[in-house]
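K.L.:
Following is a predicted model, sequence given first.
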Amino acid sequence: MLFPETSAESSTGAPLCSAKGCRAAAVWVLAWNNPKLHTPERRKTWLACDEHREHLSSFLGVRGFLKDVVALEDWAVGDGKETEA
């Protein structure tokens with residue numbers, strides 16, 4: 001369980017894409033925050049499969065929320081990163 005607050009998990013425990021209705025394995029972490037609600041250092045996360053990475057990034061980006069896109073395997077080894085939805 002890498003991101004219990006962030007995503008659904010497959011039957012094997014692998015995190016799934018955050019796109020509505022998608023059951024594909026997550027490959028990317030989209031770190032974001034809403035500056036009207038969150039402090040600048042806070043990072044919320046969505047997970048994305050390869051197919052939905054661009055769509056979810058664009059959705060957050062046009063709102064000025066997207067802060068970073070990182071490979072899930074790299075995020076998992078990072079230290080101190082928030083994983084809330």
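P.N.:
Looks like it arrived, so ask away.

K.L.:
from here on, contacts and neighbour counts on C-alpha atoms
P.N.:
Noted.

K.L.:
Can I get the helix or strand of the chain with the lowest mean pLDDT in CSV, CA atoms only?
P.N.:
Across the helices and strands of the chain, mean pLDDT, DSSP states H and E gives its lowest value to helix 72-76, namely a mean of 88. C-alpha atoms of helix 72-76 as CSV (Å, rounded to 0.1, in the frame of the first residue of the first chain):
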residue,chain,number,x,y,z
LEU,A,72,5.6,6.5,-9.3
GLU,A,73,8.7,4.5,-8.7
ASP,A,74,10.7,7.7,-8.1
TRP,A,75,8.1,9.2,-5.8
ALA,A,76,7.9,6.0,-3.7
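
K.L.:
helices or strands up against that helix?
P.N.:
strand 28-32 (3 or more C-alpha pairs under 8 Å, 6 or more residues apart in numbering; DSSP states H and E).

K.L.:
so the helix or strand following the strand it packs on versus strand 28-32, what angle?
P.N.:
Toward the C-terminal end, the helix or strand that comes next after strand 28-32 (DSSP states H and E) is strand 44-48. Computed by axes from the mean of the first three to the mean of the last three C-alpha atoms, to 10 degrees, the angle separating strand 44-48 from strand 28-32 equals 150 degrees.

K.L.:
Show me how far strand 44-48 is from its chain's centre.
P.N.:
1 Å (C-alpha atoms, centre = their mean, to the nearest Å).

K.L.:
Regarding stretch 58-71, how distant is the last residue from the first?
P.N.:
17 Å (C-alpha to C-alpha, to the nearest Å).

K.L.:
list the buried ones in that stretch?
P.N.:
By neighbour count on 16 or more other C-alpha atoms under 10 Å, the buried set for stretch 58-71 is 60, 65-67, 69.
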